[in-house]
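Novice: coords please:
(chains A and B)
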Amino acid sequence: GAGVSQTPSNKVTEKGKYVELRCDPISGHTALYWYRQSLGQGPEFLIYFQGTGAADDSGLPNDRFFAVRPEGSVSTLKIQRTERGDSAVYLCASSRDIGETQYFGPGTRLLVL
Amino acid sequence: DAKTTQPNSMESNEEEPVHLPCNHSTISGTDYIHWYRQLPSQGPEYVIHGLTSNVNNRMASLAIAEDRKSSTLILHRATLRDAAVYYCILRDVFSRLTFGEGTQLTVNP
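Specialist: Down below sits the predicted model:
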């Protein structure tokens, strides 16, 4: 079946702009996770959802970052007033339920100029 | 979060077995040991996981020390497509995956 998909695959923006990154989880998966990966490092946890609610947002770096999952399926990661340091690959993963294996999408490569 | 320690890099020859070590001396009783791998420009791919007993699947085997303070991922016959960064991760009760820097595996033809 279809895996996790993320759009866009690449995003270039200017410092100070607003961006939205989208994640389509595997159908039927109730848990959804966002991670961020800087060059040469492992992914870093940002936030995860169980259904529509954010169960743990402790990894969000500051209040410029926000994520939603209004219908318990698709999720959007929103970054306000982007900074050059936000440049990274943003990865989304989903699992059938909390505690089960996480399956990752290909990521969105964000470049802030 | 409990931490894992892995070698930065390892090399293997094609068709030979590969043993990727991981130390996790601060593991708690409820932490599962997960292995993921990441090919260039792709998201991480699940390989295998376990709690206490050794595990086998079609991709690899996971050998877990009796005290659970270390584990070894075993690729029985390395292929060129196995060249990737391999991450050993302790998944906590909150289901977050805490990645380290992983081991870059190079497979020589």
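
Novice: which non-adjacent residue is nearest the residue most central in space within chain A?
Specialist: The residue lying closest to the centre of chain A (Cα atoms, centre = their mean) is residue A:34, at 3.6 Å. The spatial neighbour of residue A:34 that comes closest, neighbours along the chain excluded (Cβ to Cβ, 6 or more residues apart in numbering or on different chains), is residue A:46 at 4.3 Å. (C-beta placed from N, C-alpha, C; glycine too.)

Novice: chain B: strands as residue ranges?
Specialist: B:9-13, B:18-23, B:32-38, B:45-50, B:55-56, B:61-64, B:70-75, B:84-91, B:103-108 (DSSP state E).

Novice: got a list of what residue B:52 touches?
Specialist: B:64, B:68 (Cβ atoms under 8 Å, 6 or more residues apart in numbering or on different chains).

Novice: look up how far residue B:96 lies from it.
Specialist: Distance of residue B:52 to residue B:96, given as Cβ to Cβ, to the nearest Å: 21 Å.

Novice: residue B:75 too?
Specialist: 26 Å.

Novice: same thing with residue A:74?
Specialist: The separation that residue A:74 has from residue B:96, given Cβ to Cβ, amounts to 21 Å.

Novice: higher neighbour count, those two?
Specialist: More neighbours surround residue B:96 than the other of residue A:74 and residue B:96, with 22 against 14 (other Cβ atoms under 10 Å in any protein chain shown).

Novice: burial measure for the spatially closest residue to that one that is not a sequence neighbour, as a count.
Specialist: Spatial nearest neighbour of residue B:96, chain neighbours left out: residue A:45 (4.6 Å); criterion: Cβ to Cβ, 6+ apart. Other residues within reach of residue A:45 by the criterion other Cβ under 10 Å amount to 22.

Novice: can you tell me the helix or strand for residue A:45?
Specialist: strand A:44-50 (DSSP states H and E).

Novice: heading C-terminal from that strand, find the next helix or strand.
Specialist: Counting by DSSP H and E, the next helix or strand C-terminal to strand A:44-50 is strand A:53-56.
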